[in-house]
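Peer 1: what's the 3D shape of this:
(one chain, ligands or ions: 1)
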Amino acid sequence: MSIEQLAETAQAMVAAGKGIIAIDESTATIAKRFAGVGIENSEENRRRYRELLLTTPNLNQYISGAIMFDETIRQSTSDGVPFAKYMSDNGMIPGIKVDKGTHNLAGFPGEVVTEGLDGLRARLEEYYKLGARFCKWRAVINIGEDIPTGTCIDANSHALARYAALCQEQGLVPMVEPEVIMDGSHDIDECFQVTEVVLRSLFASLVEQNVVLEGTILKASMVVPGTTSGEKVSIEEVAAATLQCLKSTVPAILPGIVFLSGGQSDEDATAHLNAMNQMGPNPWPLSFSYGRAMQAAALKLWSQDLVNNFAAAQKTVFARAKDNGLAALGQWKSAA
Ligand SMILES: O=P(O)(O)OC[C@H]1O[C@](O)(COP(=O)(O)O)[C@@H](O)[C@@H]1O
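Peer 2: I've put the predicted structure just below:
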């Protein structure tokens, strides 16, 4: 796989007015999401739900690709078409989450490191054969008293860079996701400082491990105050702080940055992305890779009647995709 092909895939992931739908919740995470709305966490319900999301009519107008979980990439539509094939046939790029989740970082209470490097080369080979063309690995950085430590940041950056190099070796575009978690009483300035250190460390590690930035996508968290800080900030303040942080840390050669929603309301996630694009031109396309902010409304509606609300829930998915697609162009208008 040439660098040009990796770069082409990466650029297609952030094509103008399009973003990614993250449907890669691990079995434990989807269990939480289903429990929140009273859906039984069975394999068939998970398959049917992912089918609802992926077969939303005209989704490809605003969605360039989807990140799946290991179970999902092995599942098919009710008509027996593997999800990855369904996506490629419908102009969307199949992606796969390849990390094996976070684990306590030994010796550093309150901090975690993402695992999954052992045997990764063989797993990537298989995912490529199953149709995946990009991957995702999420590192988690918590803010609290005396954390994050430099050790935790370095350990996670190193793992992200090792993962990214392996992906590129196997012809897969790595999406690197260092999520600075919103939970906590820290203010927006602290989130800014932590995010800045994390991104500097990540890009230093990527370069050290010979990762080709032209074939890499960053999945970033926004610079926001901690959820229990009580600090009130405007949409424009979040957008300006996030942009400043990214501009001072992310090389302009990167093909694009997509954001996670991290527990923000649907409206905030869209409004923040829209504001950042209105503040452009920016060095890279800025788009979305939302999980909850793409799905929450649809999941709630579907949970009320798994049979009869299927099509209505898909309309909700389409509406969220459209809102976020417009926000990726800075053309979204709040209904409020
Ligand atoms: O903990 P898990 O199961 O890996 O899931 C983490 C989730 O966080 C994300 O990275 C971002 O999702 P949100 O937009 O909901 O924050 C998703 O891609 C993923 O499903």
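Peer 1: now do the strands in the stretch 151-300 of the chain.
Peer 2: For the stretch 151-300 of the chain, the strands defined by DSSP state E, counting those that start in this stretch cover 173-180, 217-220, 257-259, 286-290.
Peer 1: can you say which of those strands is packed in most?
Peer 2: strand 286-290 (a mean of 29; mean count of other CB atoms under 10 Å). All C-beta atoms are positioned from the backbone trio N, CA, C, and that covers glycine.
Peer 1: so, in contact with the ligand or not, that one?
Peer 2: Yes: interface with the ligand: strand 286-290 contributes Tyr290 (CB under 6 Å from any ligand atom).
Peer 1: show me how far that strand is from its chain's centre.
Peer 2: Mean C-alpha position of strand 286-290 versus that of the full chain (CA atoms, centre = their mean, to the nearest Å) differs by 7 Å.
Peer 1: same thing with stretch 301-309?
Peer 2: 26 Å.
Peer 1: give me the contact list for that stretch.
Peer 2: For stretch 301-309, the external contacting residues (CB atoms under 8 Å, 6 or more residues apart in numbering) are 34, 37-39, 45, 48-49, 52, 310, 312-313, 316.
Peer 1: can you list the residues of the stretch 1-150 of the chain near the ligand?
Peer 2: Close to the ligand, as judged by CB under 6 Å from any ligand atom, the stretch 1-150 of the chain has residues 22, 24-26, 29, 67, 101, 138.
Peer 1: give me the buried entries from those.
Peer 2: Neighbour counting over these (16 or more other CB atoms under 10 Å) leaves 22, 24-25, 67, 138 as the buried ones.
Peer 1: show me which of the contacts of stretch 301-309 are buried.
Peer 2: 34, 39, 48-49, 52, 310, 313, 316.
Peer 1: what's near enough to touch the residue in the stretch 51-200 of the chain that the ligand sits nearest to?
Peer 2: Residue of the stretch 51-200 of the chain nearest the ligand, by CB to the nearest ligand atom: Arg138 (4.8 Å). Each residue near Arg138 by CB under 8 Å, 6+ apart is listed here: 97, 99, 102, 114, 177, 179, 219.
Peer 1: ok, 7 Å please
Peer 2: Listed by CB atoms under 7 Å, 6 or more residues apart in numbering, the contact set of Arg138 reads 99, 114, 177, 179.
Peer 1: tell me the pLDDT at the third one?
Peer 2: Per-residue confidence (pLDDT) for Glu177: 98.
Peer 1: hmm, Lys219 and it touching each other?
Peer 2: Yes: Glu177 lies in contact with Lys219 (CB atoms under 7 Å); the separation is 3.7 Å.
Peer 1: which residues do these two both contact?
Peer 2: 136, 260.
Peer 1: before we move on, the earlier item: so can I have JSON lines of the strands of the stretch 151-300 of the chain showing distance to Ser334?
Peer 2: Supplementary listing: the strands of the stretch 151-300 of the chain in JSON lines, determined by distance: least, CB to CB, whole Å:
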{"stretch": "strand 173-180", "distance to Ser334": "26"}
{"stretch": "strand 217-220", "distance to Ser334": "23"}
{"stretch": "strand 257-259", "distance to Ser334": "18"}
{"stretch": "strand 286-290", "distance to Ser334": "16"}
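Peer 1: Cys152 is nearest to which of those strands?
Peer 2: strand 173-180 (11.0 Å; CB to CB).
Peer 1: and for the closest residue to the ligand within the stretch 151-300 of the chain, the neighbour number?
Peer 2: Nearest residue of the stretch 151-300 of the chain to the ligand: Gly291, at 2.9 Å (CB to the nearest ligand atom). By other CB atoms under 10 Å, the residues close to Gly291 number 20.
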